[in-house]
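S.K.: Predicted model and sequence follow; I will ask about them next.
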Amino acid sequence: MEPGLVVGGRYRLASRLGRGGMGEVWASHDELLDRPVAVKILLAVLDDDPELAARLRQEARTAAALRHPAITVVHDVGDHDGHPYFVMELLTGRTFAALRSENGGTLPIERALALMAQVADGLAYAHNRGVVHRDIKPENLISDSGGVKICDFGIAHYAQASARFTKTGHTVGTAPFMAPEQWRADPVDARTDLYAFGVTLYLLVAAETPFAGPSFPAFAHQHLEIPPPRLSGVPANLADLVDRLLAKKAADRPASASEVAETLRAIRDNFAGAVGPQAPTVHKRRSDRPSAGQTTLTNTRAAMLRAGIRSGIRAFMLFVVVLCVSLPFLAPSDSWLAFGPWPVMLLTGVLIGVVAGCVVGTLAGLLSGSMGETDTVTLDNDQLTVTQRVRRKVNGKVVEISPRTFSVRWDALEHLAIEGKTHTTTLVGRFRPANEPPLAWAVEHGLQRREDGSYAIYGPTDRDLEKVDVGRLRDALPRYFGS
């Protein structure tokens, strides 16, 4: 196809917007009604099977009759030299694929939920009228000023049947999004769209599809036989919904797109209104805050030694005190173990516990000091920087311990807080909406998203924040960020 070509006697092709396995999309001009349109011309032909062609064209016309805010309007269908074409409204928004790319691979969870709820609304409308899309994916979903638009209704089935007729054994579809029944060439229905919907939702929040292929046979095996990895770092009810959408058996998926839309909106409402654990919040610093220089907090060898001694004293004192106080009551009266009343035994236990704790704690502290992992939290006038040692496990065994560093600018945070005490202490931050990190970035840098939308920037999951001196960190934060 070339610019200037007139299709159907009225649609003049202007510029190619895209090309894919199904065909080409052109920005065009409807010379009869004097309006801009998009024309999608399919590559396959069905001239050798008039009955099949007629049936598919009728289905395309049925799809073209769909009128819903979330469905792209199809103005006309026809043939050009045996090639089917579809004339649609010309959209100016961005595909979900482009939105992902612009946001580092993912979308903020609340935005993904809002957009996909609109997609589910459109699917519910089409499914209620007996129309199945068959190729839901980010490239066929567009966000513009008017909301979400689903593209290519009625086109996927046309192209699929065309390809099967002209190339025996050839499968049309987008492999990462195809439901098991599509791989088996079984009949499809609305639940087939829900499977692709689930893959799309997974991709928007996790930066990758559940299965990576890379070949068609590999995708077929994965979609048919391998359970999809469960989403992590998202609300549990969202992960549950995606698990249902990606069920191998269509009967195990949600009953309708309407149900999915309602569930997504409920998750979004709960997600937006969730309140996390109560914690002291450090407010955004004032613009006139004086320079505070740089402060570095780390788990030094001396700090690890002191921590080991304290832990040893506590543990052995408790053990020995309990043992000494219990002996007079448990040992026979004529036994040498019952050598004093419980106050004497209590004092004896304390003394023995302190001595034993110092000895054992010193040994433990020396050992951790020589073999321990060093983490660092650095604060300066511009940002917070965390360098942490990260364990990578394969089959339950640690195969690598490597440092990982990331920085967060103060102006990217809405609040910062320290929660908990001693070994349960966590440094928690909430990012401003414009700086919301993509899920893949957060996972890569060891940040865990919580139900209230904040992130555990550094905490007790893999390491002990006590080793970076929580007291000093509490004292230092107001000088850099707020009070």
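M.R.: Arrived safely, thanks for sending.

S.K.: Could you list the low-pLDDT ranges of the stretch 151-300 of the chain?
M.R.: 154-173, 271-292, 298-300 (pLDDT under 70).

S.K.: Just the helices from it, written as ranges.
M.R.: All helices of the stretch 151-300 of the chain, identified by DSSP state H, counting those that start in this stretch, fall at 155-166, 180-183, 190-206, 216-225, 236-245, 257-273.

S.K.: now the angle between helix 257-273 and the fifth one, please.
M.R.: Following axes from the mean of the first three to the mean of the last three C-alpha atoms, to 10 degrees, one obtains 160 degrees for the angle between helix 236-245 and helix 257-273.

S.K.: Check which residues of helix 236-245 are buried.
M.R.: Going by neighbour count (16 or more other C-beta atoms under 10 Å), the buried part of helix 236-245 is 238, 241-243, 245. Every C-beta, even on glycine, is put in place using the N, C-alpha and C of the backbone.

S.K.: now for it, which elements pack on it?
M.R.: helix 190-206, helix 257-273 (3 or more C-beta pairs under 8 Å, 6 or more residues apart in numbering; DSSP states H and E).

S.K.: Can I get that helix as PDB, trimmed to CA atoms?
M.R.: Only the C-alpha atoms of helix 236-245 are listed here, as PDB (Å, rounded to 0.1, in the frame of the first residue of the first chain):
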ATOM      1  CA  ALA A 236      -3.100  -9.800  47.800                       C
ATOM      2  CA  ASN A 237      -6.600  -9.400  46.400                       C
ATOM      3  CA  LEU A 238      -5.100  -8.200  43.100                       C
ATOM      4  CA  ALA A 239      -2.700 -11.200  42.900                       C
ATOM      5  CA  ASP A 240      -5.700 -13.400  43.600                       C
ATOM      6  CA  LEU A 241      -7.700 -11.900  40.800                       C
ATOM      7  CA  VAL A 242      -4.800 -12.300  38.300                       C
ATOM      8  CA  ASP A 243      -4.500 -15.900  39.400                       C
ATOM      9  CA  ARG A 244      -8.100 -16.500  38.500                       C
ATOM     10  CA  LEU A 245      -7.800 -14.700  35.200                       C
END
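
S.K.: one step back: what's the closest of the helices of the stretch 151-300 of the chain to Arg472?
M.R.: Counting by C-beta to C-beta, Arg472 lies closest to helix 257-273 out of the helices of the stretch 151-300 of the chain; the figure is 34.3 Å.

S.K.: I figured Ala412 hits Tyr455, correct?
M.R.: No - contact criterion C-beta atoms under 8 Å: Ala412 and Tyr455 do not qualify, at 11.3 Å.

S.K.: what residues do those two have in common as contacts?
M.R.: Residues touching both Ala412 and Tyr455 by C-beta atoms under 8 Å, 6 or more residues apart in numbering: Phe431.

S.K.: Who has more neighbours out of the two?
M.R.: Using other C-beta atoms under 10 Å as the criterion, Ala412 and Tyr455 rank with Tyr455 on top: 23 against 16.

S.K.: what's near enough to touch that one?
M.R.: 428-431, 437, 442, 447-449.

S.K.: For the helix or strand in which Leu427 is found, name the packing helices and strands.
M.R.: Element membership for Leu427, per DSSP states H and E: strand 426-431. Identification of packing neighbours for strand 426-431 by 3+ C-beta pairs under 8 Å, 6+ apart yields strand 413-419, strand 455-458.

S.K.: Tell me, how many residues neighbour the nearest residue to Ser258 once chain neighbours are set aside?
M.R.: Leaving aside its sequence neighbours, Ser258 sits nearest to Ala124 (C-beta to C-beta, 6 or more residues apart in numbering; 4.2 Å). A count of neighbours around Ala124, defined by other C-beta under 10 Å, yields 20.

S.K.: Which of the residues in the strand or helix carrying Ala124 are classified as buried?
M.R.: Using DSSP H and E, Ala124 sits in helix 109-128. Buried residues in helix 109-128, counted by 16+ other C-beta under 10 Å: 109-127.

S.K.: Give me the distance between Ile142 and Gln118.
M.R.: When distance is defined by C-beta to C-beta, to the nearest Å, Ile142 is 11 Å away from Gln118.

S.K.: got any residues that touch both of the two?
M.R.: Joint contacts of Ile142 and Gln118 (C-beta under 8 Å, 6+ apart) are Val148.

S.K.: Setting aside sequence neighbours, what's the nearest residue to Pro187?
M.R.: Excluding the flanking residues, the one nearest Pro187 by C-beta to C-beta, 6+ apart is Glu181, at 7.2 Å.

S.K.: Domain ranges for this protein, per the record?
M.R.: For the chain, automatic domain parsing gives the domain ranges 6-273, 300-371, 376-480.

S.K.: Thr362 belongs to a helix, doesn't it?
M.R.: Yes - counting by DSSP: H, G, I helix; E, B strand; the rest coil, Thr362 is part of a helix.

S.K.: Around it, how many other residues sit close by?
M.R.: Using other C-beta under 10 Å, the number of residues around Thr362 comes to 16.

S.K.: Ok, Val355 next?
M.R.: Neighbours around Val355, by other C-beta under 10 Å: 14.

S.K.: That one sits in which helix or strand?
M.R.: Using DSSP H and E, Val355 falls in helix 342-371.

S.K.: Can you name the next helix or strand after that helix?
M.R.: Moving toward the C-terminus from helix 342-371, the next helix or strand (DSSP H and E) is strand 376-379.

S.K.: How about residues contacting that following strand?
M.R.: Under C-beta under 8 Å, 6+ apart, the answer for strand 376-379 is 292, 294-298, 384-388, 427, 458, 468, 473, 476-477, 479-480.

S.K.: Let's have the helices and strands packed on strand 426-431 in JSON lines, adding distance to His75.
M.R.: Shown next, in JSON lines, are those (distance: least, C-beta to C-beta, whole Å):
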{"stretch": "strand 413-419", "distance to His75": "46"}
{"stretch": "strand 455-458", "distance to His75": "47"}
